[in-house]
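In: Give the three-dimensional model of this entry:
(one chain, ligands or ions: 1)
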Amino acid sequence: MQKPYVFITRKLPEETLVSLKEIADVGMWPSEEEAVPRKVLLKEAQKAEGLLTMLSDNIDKELFDNAPSLKVVANLAVGYDNIDIEAAKMKNVRVCNTPDILTDSTADLTFSLILATARRIVESASYVKEGKWNSWGPLLLAGADVHHKTIGIVGMGRIGEAVARRAKGFDMNILYHNRSRKPEAEKKLGAVYRDFYDLLKESDFVVCLAPLTTETKGMFNREAFQAMKQSAIFINAGRGASVDEEALVDALKNSVIAGAGLDVYVIEPIAADHPLLTMKQVVALPHIGSASVETRKKMSELACRNIAKVIDGKKAETPVV
Ligand code: DGY
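Out: From the prediction side, this is the model:
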C-alpha cells in the first residue's frame, strides 16, 4: 500500500525523522539555509497529507485551497503567526507547534541578549579581535549592570516565566504585563503585574516575549519608547512585527532609550544595510531563540510525532487547532 506523503520545508537532521519515515514517504527541501521557493512549496503541498514547516514559510489560504489531501501542518516553532489559522480551520487541517521543549533554550537566549546588550559583550569581543585593545582603562567599554535592576516582561507565557526565573537569580525586581494575571508566577517569582505604560516607565530592561496577534502588532511604537527610561534597554525575542522599527531606530538615534537587543525583525532576514545594524548600542541576532542543537532536534522529533499521530487518526501531542 502506498504510504502518505509528507513534505518538510527545510533540511532537518535525519535521525529525527526515523519514526516519521516508517509511516510516510518523506520529501524534504535539501537546504538548511535557503528557504523552499514558494512555487515548490505549493507544488509539494498539493500532494501532501502532512507538512513540516518553518516559521519563515507563509502557510496561507492559497496553500490550503490547493492542498486537497492535507491533514496536518506541524510548525517547527512555538509561534505560528506564519500560518493562516482560520484557513486551516475551514479546510479541517490540524495545526501543531512545538511548545515547552524550547522554553528554556529561548529563555537562555533572551537572557544572554540582556547581558550582551547591557555589558557590551559583542562590541567588546570585536574590540579585542580587531586589535584595538591597547591598554586597560577604568571606563573602557563600561556598560550597565543587570543585577538588582528592574526587568519588565511583556508576554508572561512559558518563556516569559522562564526569563523571570533567570532574573530572580540576578536579584532583579520583576514586573510583567500580560493579557491575564499570573497568580502562580506572582507567588513563586515575586513578579508584579503592571499596566503596559507603568511597566515601560519603571523598567530598566523591557523584554518583549508576546506572541504576534492583532493586539500586539506594533505595540512598541513611538509612544511606548517615549515612555521608557532614557537608560532603558529594549529586548525583543518575541516577534519583530510587535515593534515599529522606524520608531525604534529614532528612539535609539535620539537617545530616547539606551540600547536594544534583538533576535527578531519585521522582515527576516533583516537587510544588511538596515539602520538598526549600524548602531553600536544594538545587539542583533538572526532569530536563534531556540537554536541549540539539542532543542532543535527535540522540536523536529515532536513535529514528526504530531504529523504521524494526525495521519494515523489520533490526537496530536501539541495541537494549536
Ligand atoms: C519560536 O519558536 O516561535 C521562537 O521564535 C523561538 O526561536
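
In: Can you pull the domain assignment for the chain?
Out: 5-101+293-311, 103-284 (automatic domain parsing).

In: Is the first one in proximity to the ligand?
Out: Yes: for a cut-off given as C-beta under 6 Å from any ligand atom, domain 5-101+293-311 has contacts with the ligand, namely 55, 77-79. From N, CA and C alone the C-beta is placed, and that goes for glycine too.

In: So how do I select the buried members of those residues in ChimeraX?
Out: Written as a ChimeraX command, the selection of buried residues from these, which uses 16 or more other C-beta atoms under 10 Å, is:
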select :55,77,78,79
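
In: Residue 145 is in contact with residue 118, isn't it?
Out: Yes: here residue 145 lies in contact with residue 118, judged by C-beta atoms under 8 Å, at a distance of 7.2 Å.

In: Counting neighbours around each, name which of these two comes out higher.
Out: Neighbours of residue 145 and residue 118, each counted by other C-beta atoms under 10 Å, are more numerous for residue 118; the result is 22 against 10.

In: name the element the closest residue to that one other than its chain neighbours belongs to?
Out: For residue 118, the nearest residue in space outside its immediate sequence neighbours is residue 144; the separation is 4.6 Å by C-beta to C-beta, 6 or more residues apart in numbering. Under DSSP states H and E, no helix or strand contains residue 144.

In: In contact with residue 144, which residues?
Out: Residue 144 makes contacts with 118-119, 204, 231, 233, 258, as judged by C-beta atoms under 8 Å, 6 or more residues apart in numbering.

In: Tell me the spacing between it and residue 258.
Out: Using C-beta to C-beta, to the nearest Å, one obtains 7 Å as the distance from residue 144 to residue 258.

In: what do the two both touch?
Out: If you check residue 144 and residue 258 against C-beta under 8 Å, 6+ apart, the residues they both contact are 231, 233.

In: With adjacent residues omitted, what lies nearest to the residue in the stretch 151-300 of the chain positioned nearest to the ligand?
Out: The nearest approach of the stretch 151-300 of the chain to the ligand comes at residue 289, 2.9 Å away (C-beta to the nearest ligand atom). Nearest-residue entry for residue 289: residue 106, 4.2 Å, with adjacent residues in sequence omitted and distances by C-beta to C-beta, 6+ apart.

In: Read off the pLDDT value for that neighbour.
Out: Residue-level confidence at residue 106 comes out at 98, pLDDT.

In: just the one 10 residues further on next, same as before
Out: The predicted structure scores residue 116 at 98 on the pLDDT scale.

In: helix/strand/coil for the residue nearest the centre of the chain?
Out: With distances taken as C-alpha atoms, centre = their mean, the chain has residue 238 as the residue nearest its mean C-alpha position (4.5 Å). Put simply, residue 238 is coil when judged by DSSP: H, G, I helix; E, B strand; the rest coil.

In: start the count at 25, not 1, going forward
Out: With 25 as the first residue, the last one maps to residue 262.

In: could you list every residue that touches it?
Out: In this structure, residue 262 makes contact with 103, 178-179, 232-236, 240, 288, judged by C-beta under 8 Å, 6+ apart.

In: The chain: helices as residue ranges?
Out: Secondary structure of the chain (DSSP state H): helices located at 42-47, 62-71, 85-89, 109-114, 127-142, 145-153, 182-193, 207-213, 220-226, 246-251, 269-277, 317-335.

In: Give me the contacts around the fifth one.
Out: Yep, that's helix 127-142 we're talking about. For helix 127-142, the surrounding residues in contact (C-beta under 8 Å, 6+ apart) are 102, 145-146, 167-170, 175, 182-183, 186-187, 189-191, 229, 231, 233, 257, 259, 261, 283-287, 305-307, 309, 312-316, 318-319.

In: ditto for the last one
Out: Contacts with helix 317-335, where a contact means C-beta under 8 Å, 6+ apart, come from 28, 30, 36-37, 39-41, 43-44, 47-48, 73-74, 76, 95-96, 98-101, 118, 120, 122, 125-126, 128-129, 314, 339-343.

In: The second one too?
Out: Residues lying outside helix 62-71 but in contact with it, judged by C-beta under 8 Å, 6+ apart, are 29, 31, 33, 51, 53, 60, 75, 81-82, 86-87, 90-94.

In: List only buried entries from those.
Out: Among the contacts of helix 62-71, those that count as buried by neighbour count (16+ other C-beta under 10 Å) are 29, 31, 33, 53, 60, 75, 81, 87, 91, 94.
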